[in-house]
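Asks: below is the sequence, then the predicted model.
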Amino acid sequence: SPTQAHAPEALLPALSTRLHGDGQSSPHSLLFGPPPRDDAALIHLADQLDALEREVRRP
């Protein structure tokens, strides 16, 4: 349901059906892991999230 779409139990199974590659990072850790510890980690996380989004949108 839309109210549960943000919950890992609902989001991760739906997300896994769209992943094609050998993802370097776990979608769970990317989406629900701890916050970045510094600016470099934030930039790295943003790059990983961009890659995840591209993977999910790929036909």
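Replies: Structure received. Residues are numbered from 1 along each chain as shown.
Asks: would you mind measuring from the closest residue to Ala5 other than its chain neighbours to Asp39?
Replies: Spatial nearest neighbour of Ala5, excluding adjacent residues (CB to CB, 6 or more residues apart in numbering): Leu11 at 6.3 Å. No exception for glycine: its C-beta is placed from N, CA and C like everyone else's. As defined by CB to CB, to the nearest Å, Leu11 lies at a distance of 27 Å from Asp39.
Asks: for the longest helix along the chain, packing partners?
Replies: Secondary structure assigned by DSSP state H gives helix 39-57 as the longest helix of the chain. Counting contacts by 3 or more CB pairs under 8 Å, 6 or more residues apart in numbering; DSSP states H and E, helix 39-57 is packed against helix 27-32.
Asks: which parts of the helix or strand of the chain with the lowest mean pLDDT are buried?
Replies: Ranked by mean pLDDT, DSSP states H and E, the weakest helix or strand in the chain is helix 8-16, scoring a mean of 88. Using 16 or more other CB atoms under 10 Å as the test for burial, helix 8-16 gives 11, 15.
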